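1. Kindly generate the corresponding structure for this input.
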Amino acid sequence: MTPPSPITAVIFDLDGVLVDSFAVMRQAFETAYAEVVGGDRPPFEDYRRHLGRYFPDIMRIMGLPAEMEEPFVRESQRLAHQVRIYDGVPAMLGLLRTLGVPTAVATGKSGPRARSLLGQLGLLRRFDAVIGSDEVRRPKPAPDIVERALAVLAVPASAAVMVGDAVTDMRSAQSAGVRAAAAVWGEGEEADLVAANPDMVLRHPMAVPMLVRSRAA
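-> Next comes the predicted model:
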């Protein structure tokens, strides 16, 4: 049997993989729901099941008003200082850079929001590309955003891995012919991720450069 191609590039989701933004996301969603819909029972747990998708798509799937996007984005930006980088992520990105591995972010956020947040956190320069769901024709779980990252990084699908914490990340990677790695150090539901048949399950950010090393070896 032909051995798998070495992994020479890594594509990351953002929220739940590089940064812990869960509390901010909850507060922003609840504020947007109260302002636009009203009531005291915002369906955040339903919203949570769709994390990884583009916010307007989630609103459409849940049957909620598209007008929720404006206050959601406003509150997310206001609370951005509360977002924290996961332990191990800076060291992991530094090692990937030392190994000469090109990296990209392919996120459910819009491109400007993602780049702004990464800039605030001092991580933007760690990546060769940051691509938002508003910058492709079809957002996750379609393959478009992963294919765009492959084109920017100039690597074939067989040489890349997508690291994500949502089923939509796994589906997007698989549709693009990229290996799918489930990151379970954040808020992602491990059982749901495993059921999506990822190629590997990673329990700590430093598993990413070790994966690249082992495949390259």
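2. So which residues make contact with the helix ranked longest in the chain?
-> Identified as the longest helix of the chain according to DSSP state H is helix 22-36. Under the criterion C-beta atoms under 8 Å, 6 or more residues apart in numbering, residues 15-16, 39-40, 42-44, 47, 51, 64-65, 67-73, 75-76, 79-80, 82-83, 186-187 lie in contact with helix 22-36. C-beta coordinates here come from the backbone N, C-alpha and C atoms, glycine included.
3. do stretch 38-51 as well
-> 15-16, 25-26, 29-30, 33-34, 57-58, 61-62, 108, 165-166, 168, 187.
4. Next, the distance between the ends of that stretch.
-> End-to-end span of stretch 38-51 (C-alpha to C-alpha, to the nearest Å): 22 Å.
5. Show me where this structure has its helices.
-> Using DSSP H, helices in the chain cover 22-36, 44-48, 55-62, 69-78, 89-98, 111-120, 144-153, 167-175, 190-195, 207-216.
6. now the longest one against helix 69-78, angle please.
-> Pointing back at helix 22-36 there. 140 degrees (axes from the mean of the first three to the mean of the last three C-alpha atoms, to 10 degrees).
7. Helix 22-36: which residues count as buried?
-> The neighbour-count check on helix 22-36 (16 or more other C-beta atoms under 10 Å) flags V24, M25, Q27, A28, F29, E30, T31, A32, Y33, V36 as buried.
8. which of the contacts of helix 22-36 are buried?
-> 15-16, 42, 47, 51, 64, 68-69, 71-73, 75-76, 79-80, 83, 186-187.
9. If we only consider the buried residues of helix 22-36, which is nearest to A160?
-> M25 (27.1 Å; C-beta to C-beta).
10. so P6 makes contact with V161?
-> No: using C-beta atoms under 8 Å, P6 makes no contact with V161, being 10.5 Å away.
11. Check what pLDDT R49 gets.
-> At R49, the model reports a pLDDT of 87.
12. Tell me, how many residues neighbour it?
-> Residues lying near R49 (other C-beta atoms under 10 Å) number 16.
13. Could I get the contacting residues of the residue nearest to R137 when sequence neighbours are not counted?
-> Leaving out its chain neighbours, the residue that sits closest to R137 by C-beta to C-beta, 6 or more residues apart in numbering is D144, at 5.6 Å. D144 is in contact with V136, R137, R138, counting by C-beta under 8 Å, 6+ apart.
14. Which one (most neighbours) among the residues you listed?
-> Ranking these using other C-beta under 10 Å puts V136 first, with 20 neighbours.
15. right, and it touches R148 too?
-> Yes: taking contacts as C-beta under 8 Å, V136 lies within contact range of R148: 5.5 Å.
16. For the closest residue to V10 other than its chain neighbours, the count of nearby residues, please.
-> In space, and not counting its chain neighbours, V10 is closest to T103: 5.0 Å by C-beta to C-beta, 6+ apart. Residues lying near T103 (other C-beta under 10 Å) number 21.
17. T103 touches L95, doesn't it?
-> No: contact criterion C-beta under 8 Å: T103 and L95 do not qualify, at 11.0 Å.
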